[in-house]
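Peer 1: Kindly return the folded structure for what I paste below:
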Amino acid sequence: MTVNNFQYFQPTEILFGAGRVDDVGAAVGRYGRRCLLVSRPEAGAFGPSIARVQLLLDEAGIDTFHFDGVIPNPTVECISGGAEMAIENGVDVVLGVGGGSAMDAAKAIAVEATHEGTSWDYLFYRDTQPTDATLPIVAVSSTSGSASHVTQVAVVTDGPTRDKSAIYNARVFPRVGIVDPELVVTAPEEVTAATGFDAFCHAFESVLHPGASSYTEMLAWEAMGLVAANLPAALADGSNLSARTSMAWADTLAGLCIANAGVTLPHGIGMAIGGMYPDVAHGMALASCYPTFSRFTWPAAIGCFARAGRLFDPALADAPDDEAAERSCDAIDSFLQEIGLWTNLEALGVPENELADLARQSMVLPDYENNPRVTTPEEMQELIAACHRR
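Peer 2: Next up is the predicted model:
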């Protein structure tokens, strides 16, 4: 095995395992006594997790101010609402509890509360970037897929322009990421499926990415194997703590990968879908484009696709790499069907007369440039059309 030169960076302290949420008070208390708790509205399946965290913070003597205005694909206005609450109450630390939307919102709030302008002014391509004034961030994950608890990314959506982009800066790495699989057992089936597939996508795209290294590849293949083996089990029985723990670990591993390598074509398309159609869950957006992406890309990454195919279809174990790579597309299709995510853009409500706009938006972020086969604008139009109805 040849190990190439690489650089790996991960400043987040990870507290992993059943019951680790009990450490949230001590983790937050390291950074101050006045905390902004950021979450979705305290209702539904995740309400008990938020209530538990609030109780633990109270027991630790932390003054907590709860911003529960997070929405899916959080907008600039949503972030500003949280930042205003943080400023008004002079908080020392921001705690995100929930899935990717809550944790991303917490990161963006930590920036906006301490900088001029809005979170949109500090996107990855701006000349002005977050400074050391950014508030410390602690993240508690209650889904297994977004990986936001271990990344330097905070995704934000601008509603008027239907644009979804991101802050990408080391200063928004959470200081502590708490991963307690017991918090995930109440996740609804559709959330489990969509977030679980997102974890696979993070891992798979990280090995396709030009920034992949021997270290991230080791983590990524472990994550992909865990998803293939455990996501169906978690869907069959949400209380299966073993499967939930494996999925939480897969999510964390995949996040460590994308924090040091990155994502490719499907995530660029998925981000565009989320910006234009914010009601579409990110994992569903990815599922709608993966069958088309895999058939477009596999000839340019035969080794990676062959190995992925064998994870999902043991019958490919002895097949030549080129055959296994081609048949991996069918294997991934079958997995999507098994976990209930077989869909397309038409089923997700994307109107046919906006496909050209979606194709253009899918090339705004640089993710497509990191794909082993880079699309031209004409090919992107064809890919989006194929994702719409297949």
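Peer 1: Count the residues that sit near Pro210.
Peer 2: Using other CB atoms under 10 Å, Pro210 has 11 neighbouring residues. Any C-beta I mention is one placed from the backbone N, CA and C, and that applies to glycine too.
Peer 1: Excluding chain neighbours, what is closest to it?
Peer 2: Asn370 (5.9 Å; CB to CB, 6 or more residues apart in numbering).
Peer 1: residues in contact with that neighbour?
Peer 2: Applying CB atoms under 8 Å, 6 or more residues apart in numbering, we find Asn370 in contact with 208-211, 262-265.
Peer 1: Flag the shaky bits of the stretch 1-150 of the chain, pLDDT-wise.
Peer 2: Within the stretch 1-150 of the chain, the ranges that satisfy pLDDT under 70 run 1-2, 43-45.
Peer 1: on that earlier part again, mind checking how far the residue nearest to Pro210 is from His267?
Peer 2: Distance of Asn370 to His267, computed by CB to CB, to the nearest Å: 9 Å.
Peer 1: and if you look at Gly61?
Peer 2: For Gly61, the distance to His267 - CB to CB - is 41 Å.
Peer 1: which stretches of the stretch 251-390 of the chain form helices?
Peer 2: Secondary structure of the stretch 251-390 of the chain, counting by DSSP state H, counting those that start in this stretch: helices at 265-276, 282-297, 302-312, 321-338, 355-361, 377-388.
Peer 1: helices or strands next to the longest one in the packing?
Peer 2: It stands for helix 321-338. Other elements packing on helix 321-338 under the criterion 3 or more CB pairs under 8 Å, 6 or more residues apart in numbering; DSSP states H and E are helix 282-297, helix 302-312.
Peer 1: circling back: format the helices of the stretch 251-390 of the chain as CSV; extra columns: distance to Pro72.
Peer 2: Below are the helices of the stretch 251-390 of the chain laid out as CSV (distance: least, CB to CB, whole Å):
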stretch, distance to Pro72
helix 265-276, 8
helix 282-297, 9
helix 302-312, 28
helix 321-338, 21
helix 355-361, 18
helix 377-388, 21
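Peer 1: out of those helices, which comes closest to Ser39?
Peer 2: Ser39 lies closest, by CB to CB, to one member of the helices of the stretch 251-390 of the chain: helix 282-297, at 17.8 Å.
Peer 1: what separates stretch 304-313 from the chain centre, distance-wise?
Peer 2: 22 Å (CA atoms, centre = their mean, to the nearest Å).
Peer 1: Also stretch 100-110?
Peer 2: The chain centre lies 12 Å from the centre of stretch 100-110; the measure is CA atoms, centre = their mean.
Peer 1: when you give positions from now on, start the count at 20
Peer 2: Done: numbering now begins at 20, and the last item shifts to stretch 119-129.
Peer 1: buried ones in it?
Peer 2: Residues 119-129 are the ones in stretch 119-129 that count as buried (16 or more other CB atoms under 10 Å).
Peer 1: Which of these lies at the shortest distance from Ala343?
Peer 2: Gly119 (32.0 Å).
Peer 1: Let me see the contact set for the closest residue to that closest one other than its chain neighbours.
Peer 2: Counting by CB to CB, 6+ apart, the nearest residue to Gly119 once its immediate chain neighbours are dropped is Ser165, at 2.8 Å. The contact partners of Ser165, taken as CB under 8 Å, 6+ apart, are 118-119, 122-123, 214, 217, 270, 274, 301.
Peer 1: Show me which of these is closest to Asp341.
Peer 2: When those are ranked by distance to Asp341 (CB to CB), Asp217 comes first, at 28.4 Å.
Peer 1: ok, and the closest one, which helix or strand is that part of?
Peer 2: helix 208-227 (DSSP states H and E).
Peer 1: Residue ranges in the stretch 220-369 of the chain under the pLDDT threshold?
Peer 2: In the prediction, the stretch 220-369 of the chain carries no residues with pLDDT under 70.
Peer 1: Asn337: how many residues sit nearby?
Peer 2: Careful, residue 337 is Asp; it's not Asn. Asp337 has 9 neighbours, counted by other CB under 10 Å.
Peer 1: Look up how far Arg329 lies from it.
Peer 2: Computed as CB to CB, the Asp337 to Arg329 distance reads 9 Å.
Peer 1: In this structure Leu56 contacts Leu114, no?
Peer 2: Yes - assessed by CB atoms under 8 Å, Leu56 is found in contact with Leu114 at 5.1 Å.
Peer 1: which SS class is the residue most central in space within the chain?
Peer 2: Taking CA atoms, centre = their mean, the centroid of the chain lies closest to Ser165, which sits 2.7 Å from it. Secondary structure for Ser165, judged by DSSP: H, G, I helix; E, B strand; the rest coil, is coil.
Peer 1: In contact with the residue lying closest to Leu154 once chain neighbours are set aside, which residues?
Peer 2: Closest residue in space to Leu154, ignoring its immediate chain neighbours: Ala129 at 4.0 Å, by CB to CB, 6+ apart. Residues near Ala129 by CB under 8 Å, 6+ apart: 105, 113, 153-156, 191.
Peer 1: if we go to 10 Å?
Peer 2: 55, 57, 98, 101-102, 105, 110, 112-115, 138, 149, 152-156, 173, 186, 190-191, 193 (CB atoms under 10 Å, 6 or more residues apart in numbering).
Peer 1: go on, His221?
Peer 2: 164-166, 170, 239, 242-243, 246, 269-270, 272-278, 280-282, 286, 305.
Peer 1: Buried residues, the longest helix seen in the chain. List them.
Peer 2: Ranked by residue count, the top helix of the chain under DSSP state H comes out as helix 233-255. Residues of helix 233-255 classed as buried: 234-236, 238-240, 242-243, 245-247, 249-250, 253-254 (neighbour count, 16+ other CB under 10 Å).
Peer 1: quick one: it to helix 208-227, angle?
Peer 2: Angle of helix 233-255 versus helix 208-227, following axes from the mean of the first three to the mean of the last three CA atoms, to 10 degrees, is 160 degrees.
Peer 1: related to what we said a few turns ago, now go through the contacts of Ala129 and say which are in strands.
Peer 2: Of the contacts of Ala129, the ones assigned to strands by DSSP state E are 55, 57, 112-115, 156, 173, 186.
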